[in-house]
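Asks: fold the following, please.
(one chain, ligands or ions: 1)
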Amino acid sequence: MLTLHQYAQSPFNQKIQRMLNYKGVPFEEVYWRIADRSKVLKISPSGKLPALEHDGKVVVDSTDMAYYIEQAFPEHPLVPTSPRQRGLVHALEDWADESLYFYEMVLRFTTPGNSEKNTPKLIENESPALRWLLKRMIPRLLRKATASQGIGRKSREQLTVDTRRHIEAVANMLGQEDWLVANRLTLADLSVYAMFQCFRDADFAAAMLEEYPSVTAWMTRIEANTSTRAS
Ligand SMILES: N[C@@H](CCC(=O)N[C@@H](CS)C(=O)NCC(=O)O)C(=O)O
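Replies: Next up, the predicted model:
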């Protein structure tokens, strides 16, 4: 049996859950609270989730998990074998994980209005006292983390320009196609989708997505192909 250990509201959960759903692999979901950090460290020494547990082995980092799953469950492949497509899938996955992730974090948790709406979802299962504290601390901590990465230092105007550029890039890559890389769903689609799905919880990014019908149709297509519930 596969167990997916997760923190609430992480885009990386969606990436792995949808991958397993597409392959028809049943899995259990465990959600950890921020208060459970000492237990999480025993599963994932870096403290980061998601982590995937399979037959006594634990895989951390969604990229390593994706390639592990692809190898362990090769049916309904999500990583192409053609070197060009394989390279493109990796580049797009890395763009999603290492760049778009920081945009969605800034947009959802540090911008006025969005932060007040999204932070409570992150901490709803914590104790009342910790909730009180985290509600104040999380936007501050994420502002600090995203500022040191760089994207958190951008002005609202620059974030708007960048976000449109990212959404437009996906619209341009899709053109008349159904999927980003191959003529079928790949890990690249799931990785970028996971971040854009979070954009939907950030006011202006959500509105901007709606201006690109080919992108929202692509998101709906991904949902239709990957939405079976976990066991
Ligand atoms: N590169 C990692 C990123 C995972 C990650 O940053 N997870 C966040 C939640 S979205 C986390 O566990 N944060 C807790 C921490 O940094 O201690 C992946 O692809 O899995």
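
Asks: indicate whether the one helix or strand residue 138 maps to makes contact with the ligand.
Replies: Counting by DSSP states H and E, the element that carries residue 138 is helix 128-149. No. Helix 128-149 stays clear of the ligand (C-beta under 6 Å from any ligand atom), getting no nearer than 8.1 Å. C-beta coordinates here come from the backbone N, C-alpha and C atoms, glycine included.

Asks: what does that helix contact?
Replies: With C-beta atoms under 8 Å, 6 or more residues apart in numbering as the test, helix 128-149 has contacts from 34-35, 102, 105-106, 109-110, 115, 119-120, 122-124, 126, 152-153.

Asks: any idea of the mean pLDDT for it?
Replies: Averaging pLDDT along helix 128-149 yields 96.

Asks: just how off-centre is that helix within its chain?
Replies: Put simply, helix 128-149 sits 19 Å off its chain's centre (C-alpha atoms, centre = their mean, to the nearest Å).

Asks: does residue 26 touch residue 1 like I think?
Replies: Yes. Here residue 26 reaches residue 1: they are 7.5 Å apart, a contact under C-beta atoms under 8 Å.

Asks: which residue of these two possesses the greater neighbour count?
Replies: residue 26 (12 against 9; other C-beta atoms under 10 Å).

Asks: just to revisit the earlier point, only C-alpha atoms, please: export the helix holding residue 138 in PDB.
Replies: Taking C-alpha atoms only, helix 128-149 is exported to PDB below (Å, rounded to 0.1, in the frame of the first residue of the first chain):
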ATOM      1  CA  PRO A 128      -6.800  27.200  18.900                       C
ATOM      2  CA  ALA A 129      -3.700  28.600  20.600                       C
ATOM      3  CA  LEU A 130      -1.400  27.600  17.800                       C
ATOM      4  CA  ARG A 131      -3.900  28.800  15.200                       C
ATOM      5  CA  TRP A 132      -3.900  32.300  16.800                       C
ATOM      6  CA  LEU A 133      -0.100  32.400  16.600                       C
ATOM      7  CA  LEU A 134       0.300  30.900  13.100                       C
ATOM      8  CA  LYS A 135      -2.300  33.200  11.600                       C
ATOM      9  CA  ARG A 136       0.000  36.100  12.400                       C
ATOM     10  CA  MET A 137       3.300  34.200  11.800                       C
ATOM     11  CA  ILE A 138       2.700  32.400   8.500                       C
ATOM     12  CA  PRO A 139       2.300  35.500   6.200                       C
ATOM     13  CA  ARG A 140       5.400  37.000   7.900                       C
ATOM     14  CA  LEU A 141       7.400  33.700   7.500                       C
ATOM     15  CA  LEU A 142       6.400  33.200   3.900                       C
ATOM     16  CA  ARG A 143       7.100  36.900   3.100                       C
ATOM     17  CA  LYS A 144      10.600  36.300   4.500                       C
ATOM     18  CA  ALA A 145      11.100  33.000   2.600                       C
ATOM     19  CA  THR A 146       9.900  34.300  -0.700                       C
ATOM     20  CA  ALA A 147      11.900  37.600  -0.300                       C
ATOM     21  CA  SER A 148      15.100  35.600   0.100                       C
ATOM     22  CA  GLN A 149      14.200  33.600  -3.000                       C
END
